[in-house]
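K.L.:
no sequence on this one, just coordinates:
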């Protein structure tokens, strides 16, 4: 099946032994998984045995580029960080953009696999093929901008690109992220894994050209892609100008912009969080490498938080440190967003956790004393910022209590707190209230990473795109098939390339497979077609499923939080909507069938074999 | 007299007309003033007429390198920022180091003269000889690290070096500074002048070699300098390891580490501010370009201010946001130091102003209501940080009240506030309590910039160096001559080169003139000797004096704050010491005589003519 022609380079780093090794990436794997999430999960499945402690030295932290990373392909400076998640115990897969992914490719590397654990803080210094594990004692404790600034100075090279953790990652907070430049590989606690290995930062400087197997084909593929981007009715006319925050307007109108830990929806007219205010706070763009779209906006806080600059808020952070906490003060949202990036906390999980704590405070389950005297009332943004700070540094008291996210906090607090928990597989919910978008909800319930808005979102229900799949968002029928298709074809393609989903999936969905196949042929020299892209996506989802099964996950884990299954949306355009267990089961049955999995959500041997995953069937004892 | 051989390049920028012009630096001027402070003040005297509004478009802002800047000379990446000070109305001259000065030289420029005022926020982009005035609306409002980060990204060049103002400079705070990298051209409000011109930043990228007129001489001069540095009993064995904070130990033991707005001295054993604690907070060094010493240390706050990183505190900031405010919490000092750098406030003036306000609060002159409900009690570091923030952003209330420093605040507050004011020529006092170091006090009183610890400090009184000038610090006799010598020979040499005073003056004082002369010959090709260096220093001081006279300054302005003349140091090794008016007069008389000035402190025509400044004598109507 493998037709040869592509040799990727993997840098394997053993922090225990303090050794670094260069390996070839098996060409068959590149063909079968493309790159990014797919390849990362393949390595994870093969190399991280069942039951390892996610924060122990046996876990691995995999940084995986794709075949287009660092090339002139628009929106392809993306990298997947893959590990076993300390937050969920399942696959962790978080994507980041910016310049670090491209720089890693310029240094000649498609991937880094971090193993073991250093006995003291270190950083990794990659200058092309020269790799060193270096003392990071002077960086330990620094926030993420200062760590990057200091390391550039220390290396006497301002062109270095750096991925690092903040104080939250150092303290193994299960909701810690990894920051490169002003961007995050945000969710699932990958920052804690990095911290558990005593790895403060990875600094990269690359000076090599990125090889392209067939320049003529590549040129044609780029033209095809760019033409499709230009023809998109969404991309440049709208998205490029507004970025993701405009989604808040759409979801609020639909009554699915969740608020107050999902106890309210459409809680307030967006007001200060709406686009008019957003635009007034906008001070520029922060595009990723080779991105002509530049959706990422820099916002500057005013008033009480005057002078605080953030990359964002994106729609999701607007929710997490905004509506989720009953906070409609955009300046405070900007300040909280920046604080999370500085301190290395995933803003989504951290904000949602504080929203949860605010509800517990309202119910009297969390007392003022338990909050160190802080009044954790809805919308108290000063309290929000102070608690974020304490969480990031894991300060004794409320900081320690909330530092590992909502699920751990609920367990520690007890006294009925779990009744208000809104997580899936231990990860906090994103902003879209899926009670009013059923396929989207099914993708949350079945995602291999937990409550994840980027693994199979049903944009058909929310934005009416991709157009051929316009659907009734309140209906249950057909949603199993739709969710599977969204996962395998749409998001898996973006995750495996990896390429920016806002462009590849949202703007040019009709040609995403074709575009990816063309780029694969051009960059790797391997024959590749749309079916191969599709198969790589489905294969990835099945390997991820196998990893999670091996960790003990079953159909019972493919669920939604109690609140979403038992409480209707209180008001607005989706009033009364919920996803009861029987409806979820109906969707799950259809979904598993569509996947070729059995009624327990277990892949059949036939399905696995058809994907070339017969070995996995044997591993799992599937006859 | 001028022997030719050196052609410097001056970039003249008219922000009103939005034009930029390259000019030759007159060789005679380079010979007469060397560079830095001397040349800057020469331009200032010639080009800024008497009586202009320091924050008006007629003032100029001069960035002046020296002939060694950007060469391999150790510790010579220094630059003088010269203007008419909005704080004092006298000459403003503030030095900075780091990398910006060298980068400016790499771009081919010895100086930038900023004129006029842009009608909207702009930044200057200097790429070698290509210069552009660009829109800075997206940078306006940003703190100094974010402004530098953003501008590097916007220019797609991480190697750019940037000098910029923060929110304080934008708001024309008379104690605003200019920040490049993590360093400040701190005092005298040069940041406000930059803000008044709507100039947010100067970004520089240079790719040219720095010309050296005589390489063999240069090599020899460098060897001479480095050998002297190595032989210094202070430099590498001590200073390189401790940096300036160790001065707090020395001055505390001598009873001249001032505290609580000079109402206390040796207020507390240094405790948490002492070297043991300093060392424990040290996380690295931050050397300037081509500096083998690296005295600048990075300190990381812990406890309540965990994770805040600062360049420093230096001895003076340890005072200003430490002892001056009765604050012995080193973590808070680090946090306040960083905040000032971020926001673009001169930490010395800002801290001293808050110390003054704390005394007024204690006396009931400032009420809690006037402080916006903030309890401005001695040592209340949370209040200190909050008030700094409000000052930087000039928030209505206490922020606005203190935003322009102590003198303006005293005038606004009235009600006897001026009784507690500790400024000279309107600038806040540094840390050294000169009541116990008389020549040092005389240098404060006579400095052309106001209360300035860097213009003629009498280290002989404090450290017993330079050794041949060991003196009784409590005596008054001989201090006039000593202060003049210190100003003309020692600090003027460092200021004009400009080179780091810690090295040139403190470590190798005996060869400072010789070293500077050798470097002048080597780099410029002009014959130069020690007498020329000395004359350049004296000439500079006389031109500065002439500028100030033209602005109306007289002998009556060469004074000390009331407190230092009327109140004795309350305790410690300098207990009871003060500098009464009659003793100050005694020293002033000797000083003026030593200078060849008359009893009113007016340079004689003979003195001016002997320095080649006959034109100035005519200007000032000196017969």
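P.N.:
Received it, and whenever you're ready, just let me know what you need. In this text, all values refer to a predicted model and were calculated from it rather than measured experimentally. Numbering: from 1, shown residues only, chains lettered A, B, ... in the order given.

K.L.:
for the stretch 201-350 of chain A, what spans make up the strands?
P.N.:
Using DSSP state E, counting those that start in this stretch, the strands of the stretch 201-350 of chain A run over A:258-259, A:264-265, A:282-285, A:297-300, A:309-311.

K.L.:
likewise the stretch 401-550 of chain A?
P.N.:
Under DSSP E, counting those that start in this stretch, the stretch 401-550 of chain A gives strands at A:423-424, A:427-428.

K.L.:
which of the strands of the stretch 201-350 of chain A sits most buried?
P.N.:
strand A:258-259 (a mean of 27; mean count of other CB atoms under 10 Å in any protein chain shown). No exception for glycine: its C-beta is placed from N, CA and C like everyone else's.

K.L.:
just checking, which of the strands of the stretch 401-550 of chain A sits deepest inside the structure?
P.N.:
strand A:427-428 (a mean of 30).

K.L.:
How about the contacts made by residue A:174?
P.N.:
Residue A:174 makes contacts with A:86, A:87, A:189, A:192, A:403, A:404, A:405, A:408, as judged by CB atoms under 8 Å, 6 or more residues apart in numbering or on different chains.

K.L.:
Neighbours of the last one, how many?
P.N.:
What that stands for is residue A:408. 20 (other CB atoms under 10 Å in any protein chain shown).

K.L.:
Please list all residues in contact with it.
P.N.:
Per CB under 8 Å, 6+ apart, neighbours of residue A:408: residue A:174.

K.L.:
same deal with the fifth one?
P.N.:
By CB under 8 Å, 6+ apart, the contact list for residue A:403 reads A:168, A:171, A:173, A:174, A:175, A:391, A:392, A:394.

K.L.:
Next, give me the two most distant ones among those.
P.N.:
Across the contacts of residue A:403, no pair lies farther apart than A:174 and A:392, at 12.7 Å, counting by CB to CB.

K.L.:
hang on, the earlier thing: with respect to chain B, which of the contacts of residue A:403 is nearest?
P.N.:
Distance to chain B across the contacts of residue A:403 (CB to the nearest CB) is lowest for residue A:392, with 7.8 Å.

K.L.:
I figured that closest one hits residue A:346, correct?
P.N.:
No. Between residue A:392 and residue A:346 there is no contact under CB atoms under 8 Å: 10.7 Å.

K.L.:
Between the two, which contacts overlap?
P.N.:
residue A:340.

K.L.:
Which one of those two is surrounded by more residues?
P.N.:
Taking neighbours as other CB under 10 Å, residue A:392 and residue A:346 compare with residue A:346 leading, 34 against 29.

K.L.:
Just send the strands of the stretch 201-350 of chain A back as JSON lines, with distance to chain B too.
P.N.:
JSON lines is the format used below for the strands of the stretch 201-350 of chain A (distance: least, CB to the nearest CB, whole Å):
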{"stretch": "strand A:258-259", "distance to chain B": "29"}
{"stretch": "strand A:264-265", "distance to chain B": "33"}
{"stretch": "strand A:282-285", "distance to chain B": "4"}
{"stretch": "strand A:297-300", "distance to chain B": "5"}
{"stretch": "strand A:309-311", "distance to chain B": "5"}
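
K.L.:
Make CSV from these and add mean pLDDT to it.
P.N.:
Below are the strands of the stretch 201-350 of chain A laid out as CSV (pLDDT from 0 to 100):
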stretch, mean pLDDT
strand A:258-259, 94
strand A:264-265, 78
strand A:282-285, 94
strand A:297-300, 96
strand A:309-311, 97
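
K.L.:
What are the boundaries of the helices in the stretch 401-550 of chain A?
P.N.:
A:406-413, A:438-446, A:459-462, A:479-485, A:492-496, A:501, A:512-524, A:530-550 (DSSP state H, counting those that start in this stretch).

K.L.:
relative to helix A:512-524, how tilted is the last one?
P.N.:
Going back to what we said before, that points to helix A:530-550. Inter-element angle recorded for helix A:530-550 and helix A:512-524: 100 degrees (by axes from the mean of the first three to the mean of the last three CA atoms, to 10 degrees).

K.L.:
Which positions in helix A:530-550 come out as buried?
P.N.:
A:530, A:532-550 (16 or more other CB atoms under 10 Å in any protein chain shown).

K.L.:
Reduced to three states, what does the residue located most distally from the centre of chain A come out as?
P.N.:
Residue farthest from the centre of chain A, counting by CA atoms, centre = their mean, is residue A:369 at 34.6 Å. Secondary structure, DSSP: H, G, I helix; E, B strand; the rest coil: residue A:369 is coil.
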